[in-house]
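1. have a look; sequence and predicted model below, questions after that.
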Amino acid sequence: MERINISLRIFLFTVCLLFFNAGTASSQQILPDLKATINQSRANDAFWSIAVKDSTGQLLEGYHHDKLVRPASNLKLLTSAAILDQLGSDFQYNTYIYGVGSQEGETWKGDLIIRGSGDPSISGRFYEEYRFHVFEEFVNQLDSLGIRRVEGNLIGNDSYFDQQPYPKGWSWEDLSFYYGVEISALSFNNNAVDLEVFADGEVGSAPRIQWFPFDTDYVEFLNDQTISPGSTEYDEFYRRMPGTNTIMLGSRLPKGYFEEESLSVLNASHFFMDTFRKYLEKSGIDIAGQIIVDNQLRDWDSERFQVLAEHRSKPLAVLLNEVNTESSNFYTEMMLKTAAAEKYGTQGSTELGISLVREFAHSMGMDTTDVEMSDGSGMASSTLLTPNDLTEFLVRMQAHPEFHSYQKSLAIAGFNGTLKHRFRGTPLEDNVSGKTGYVSGVRSLSGYMTSSSGQKVIFSIYTNNYTNKTSYIDRLHQQLLMQIYQAY
């Protein structure tokens, strides 16, 4: 009996060893050319991970594909799919102005309340770059009612979202810029002021500046910039002082240089209301009362709230391009909170949004124990997933009812978004639809491609912990993707 048990143990050990060896081999299932490209590069000391599958999910290439990596903005592929699944491609934001009171002649006796809907597109992005388009719609509707004066307050209600302006894990160094703005149910111009700098003065003097909207006094610029000789390089420095709307400008600009930069504001809801009041008054509608922002939950169906004006956004299928084609952190986080609010019937929050994403990913067969999320956009340094899981997710998305809108939201190589200037003049141009990702030391690229034989290939390429220039990593990604294109 003991001899039989020993034989059985040997047999089981041998079987386990075979399975282990098979698993180890599969984790390095990679073409020699791909491995040579990595090993012979100047970035061979970085951590590389590649997963390539066919349209059925069969693994074609796997190199560290089952290891956890930082995906940067490739996380948006997961987040945007969950948002699209929850809201649907036809979803539209509705922002209302309510009147509380009554109209007497050209005067509204009472308050006006703008109910924030979480619409990220109250800007010029979808309105021929006219950033006051939505405000003009509101003014025209108030004007059509004959309202030229408001004797009450102008109130902004941002209760649709919670009061946490940033996801956990965002670096304070990013919070001065357009990619690290506040997330608020009342948002205008991507919650940023647009600065223009003209180095058209004398060397040694401060350059001339102006900003949108209205050179607003909502922010204060401390212009400590210097015009340097024309032969020098541009040296950028912008920093919003923590907890204030005071923005330090310390750049050195070559004579004749022109610079544009979108810089974040503190308290986005107040910025929305302050700008809207200025716009109303410039349009001939006087506001006698104060600006008030609250997050009070209200019964908007009550008869005391009269709808005086409204704006409906473009459909989600259009707005989603800002997430994947343009890689906007702002749109991603705004839409993630929206999806959470709609799903759970409460104030939208990043935490609830992450729960929604994880639930959807699990329903798609993804092992969410291997996914670490602190935000929806991938800017948080704690974000982790495996390329194998993400590539398999992209495979399974092909069967999703909203796949057409999903794939259409991706950037197209050589044509638009973050891939506009990449892969031009190669068979990859107009052939790759995908998503790029970048944070310091991380470069990623995932998406769909038709190979030289005509079959669809789904891929993820990740480089973590590199010290080379990102342009050099991009060239290596192109070389790897070309080798995959030619091999299949």
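-> Perfect, I can see it now.

2. give me the low-pLDDT residue ranges for this structure?
-> Under the criterion pLDDT under 70, the flagged ranges of the chain are 1-28.

3. quickly run through the sheet partners of the lengthiest strand in it, with directions.
-> The strand of greatest length in the chain, counted in residues with DSSP state E as the criterion, is given as strand 94-104. In its sheet, strand 94-104 lies beside strand 107-115 (antiparallel), strand 306-312 (antiparallel), with partners assigned from DSSP bridges.

4. how about the ones you listed, which one is nearest S471?
-> The minimum distance between S471 and those falls on strand 306-312, with 41.0 Å, by Cβ to Cβ. Where C-beta positions appear, they are placed from N, C-alpha and C, glycine not excepted.

5. now T56: phi and psi?
-> When read as degrees, to the nearest 10, the backbone of T56 gives phi -90, psi -10.

6. check contacts around it.
-> Each residue near T56 by Cβ atoms under 8 Å, 6 or more residues apart in numbering is listed here: V395.

7. residues contacting the longest strand of the chain, please?
-> For strand 94-104, using Cβ under 8 Å, 6+ apart, the contacting residues are 108-117, 119, 122, 134, 138, 141-142, 145-147, 152, 300, 304-313.

8. tabulate the CA atom coordinates of that strand in CSV.
-> Coordinates of the C-alpha atoms in strand 94-104 are reproduced here as CSV (Å, rounded to 0.1, in the frame of the first residue of the first chain):
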residue,chain,number,x,y,z
ASN,A,94,-29.5,67.7,-19.3
THR,A,95,-28.6,70.9,-17.5
TYR,A,96,-31.5,73.0,-16.3
ILE,A,97,-32.1,76.5,-15.0
TYR,A,98,-35.0,76.6,-12.5
GLY,A,99,-36.8,79.7,-11.3
VAL,A,100,-38.0,79.9,-7.7
GLY,A,101,-40.4,82.8,-7.6
SER,A,102,-42.4,84.6,-10.3
GLN,A,103,-42.0,87.0,-13.2
GLU,A,104,-43.2,90.6,-13.1
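
9. quick revisit: redo the strands paired with strand 94-104 as a markdown table? Include distance to Q163 and mean neighbour count.
-> As requested, these are arranged in a markdown table below (distance: least, Cβ to Cβ, whole Å; neighbours: other Cβ atoms under 10 Å):
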| stretch | distance to Q163 | mean neighbour count |
| --- | --- | --- |
| strand 107-115 | 16 | 21 |
| strand 306-312 | 23 | 16 |
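
10. just send the ones you listed back as CSV, with distance to S405 too.
-> Compiled in CSV, the strands paired with strand 94-104 are given as follows (distance: least, Cβ to Cβ, whole Å):
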stretch, distance to S405
strand 107-115, 27
strand 306-312, 18
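
11. of those, which approaches S355 most closely?
-> With Cβ to Cβ as the measure, strand 107-115 is the member of those nearest S355 (25.3 Å).

12. need the CA coordinates for the closest one. CSV is fine.
-> Below are the C-alpha coordinates for strand 107-115, written out as CSV (Å, rounded to 0.1, in the frame of the first residue of the first chain):
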residue,chain,number,x,y,z
THR,A,107,-38.0,91.1,-13.7
TRP,A,108,-37.8,87.7,-12.1
LYS,A,109,-38.8,88.1,-8.5
GLY,A,110,-36.8,85.3,-6.8
ASP,A,111,-33.8,83.0,-7.3
LEU,A,112,-32.4,81.3,-10.4
ILE,A,113,-30.9,77.8,-9.8
ILE,A,114,-28.6,76.0,-12.2
ARG,A,115,-28.8,72.3,-11.5
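
13. which strands and helices lie in contact with the next helix or strand after it?
-> Per DSSP states H and E, strand 107-115 leads on to helix 133-144 as the next helix or strand towards the C-terminus. Contacts of helix 133-144 with other secondary structure elements, assessed using 3 or more Cβ pairs under 8 Å, 6 or more residues apart in numbering; DSSP states H and E, are made with strand 94-104, helix 268-282, strand 306-312.

14. gap between the residue nearest to the spatial centre of the chain and F305?
-> Of all residues in the chain, the one closest to the mean position by Cα atoms, centre = their mean is N329, 2.4 Å from it. Counting by Cβ to Cβ, to the nearest Å, the gap from N329 to F305 is 33 Å.

15. before we move on, back to that, pick the most deeply packed of the helices and strands packed on helix 133-144.
-> A comparison of the helices and strands packed on helix 133-144 by mean neighbour count, using mean count of other Cβ atoms under 10 Å, puts helix 268-282 on top with a mean of 21.

16. from the contact counts, what lies against that helix?
-> The criterion is 3+ Cβ pairs under 8 Å, 6+ apart, and the helices and strands that helix 268-282 contacts are strand 107-115, helix 133-144, strand 154-157, strand 286-287, strand 291-294.

17. not counting its own residues, what contacts it?
-> The set of residues that contact helix 268-282 without belonging to it, under Cβ under 8 Å, 6+ apart, is 114, 116, 122, 132, 135, 138-139, 154, 156, 158, 165, 181-189, 191, 213-214, 216, 218, 265, 286-287, 291, 293.
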